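> From the sequence below, what's the structure:
(one chain, ligands or ions: 1)
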Amino acid sequence: MSERDHELRSYGRRRGRKPSARQSQLLVEDLPRLTFDPATPPQGYRQTWLEIGFGGGEHLLWQARQNPDVALIGCEPFEDGVIKVLTAVTTEELKNIRLHMGDAREIVRAIAPASIDRTFILFPDPWPKRKHRKRRLVNATLLALLARVMRPGAELRIGTDSGDYARTMLEAFALEPRFRWTAASPEDWRIRPADWPETRYDAKAVREGRPRYYFRFLRI
Ligand SMILES: C[S@@+](CC[C@H](N)C(=O)[O-])C[C@H]1O[C@@H](n2cnc3c(N)ncnc32)[C@H](O)[C@@H]1O
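Below is the predicted model:
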């Protein structure tokens, strides 16, 4: 049995509201040309960054606007999020975003080794109930997949508002020698860096008074 046979679904729903005619057009006409193809990665960019589970796309779009010389690959199975990003990409004519509407692990398995310079996983679904914890995306399997595709020196940023998830993540990182946690003091993970914009789930955690953890790891 392969490791994939054990892989559980790490996300909730894939669809929300029925798309409007304009939104369906984005999915049918624009998504195919903007879909990331690992066989023909974007050329002519300084670096390639990967965002897993971009949700409403706030962070992905911010990074794409700030860094036009960086190619950004965004993965998200939730159709409404993909539509939000497609709307912004087509209206603003952003050139540097490619998308994968589905499970990021499918695409990470197909990416060339040491070809990713930065990865973001922001507020992954917390799966708080004990019986659902095995659905959590950030685990030893994902870290091994990312260690293969991230180049030495590449940064992996992970945000969460779940203390329990933060703990299980750090346990997984402690067992993965190819990543090193960069924090030297609590400020390094308590304070969101300036080039890490707030996402919808981050803002929700702030409103609801939950602590946030902003982790940065380096691929060794
Ligand atoms: C709690 S939301 C956070 C969204 C956004 N990053 C934010 O901070 O607002 C988690 C997102 O991760 C997505 N997700 C979960 N598992 C995923 C996977 N295997 N691949 C890609 N995205 C995934 C979900 O669909 C959901 O949109």
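> Going by C-alpha atoms from here, please, whenever you check contacts or count neighbours.
Fine.
> which bits of the chain sit near the ligand?
Contact residues (CA under 6 Å from any ligand atom) of the chain with the ligand: 10-11, 52-55, 75-78, 103-105, 122-125, 199-202.
> and with 8 Å instead?
Residues of the chain lying close to the ligand by CA under 8 Å from any ligand atom are 9-14, 52-59, 75-78, 81, 101-105, 121-126, 137, 159, 198-202.
> what about the longest helix in this protein?
The single longest helix within the chain, with elements called by DSSP state H, is helix 79-92.
> contacting residues around it?
14-17, 19, 23, 26-27, 30-31, 54-57, 61, 76, 94-95, 97, 99, 101 (CA atoms under 8 Å, 6 or more residues apart in numbering).
> for that helix, what is the average pLDDT?
Taken as a whole, helix 79-92 has a mean pLDDT of 98.
> Give me the buried stretch members for that helix, please.
The neighbour-count check on helix 79-92 (16 or more other CA atoms under 10 Å) flags 79, 80, 81, 82, 83, 84, 85, 86, 87, 89 as buried.
> Nearest the geometric middle of this protein, what residue?
residue 52 (1.9 Å; CA atoms, centre = their mean).
> so that residue makes contact with residue 78?
No: using CA atoms under 8 Å, residue 52 is not in contact with residue 78; the gap is 11.7 Å.
> thinking again about what came up before, out of the residues of the chain next to the ligand, list just those in strands.
52, 75, 121, 122, 159 (DSSP state E).
> The third one and residue 93, how far apart?
By that I understand residue 121. Distance check for residue 121 against residue 93: by CA to CA, to the nearest Å, it reads 25 Å.
> what about the two, which has more around it?
Per other CA atoms under 10 Å, whichever of residue 121 and residue 93 has more neighbours is residue 121, with 18 against 10.
> Now do the contacts for the more buried one.
51, 52, 53, 54, 156, 157, 158, 159.
> give me the beta-bridge partners of the first one?
For residue 51, the beta-bridge partners under DSSP bridges are residue 74, residue 120.
> for it, what are its contacts?
60, 72, 73, 74, 75, 119, 120, 121.
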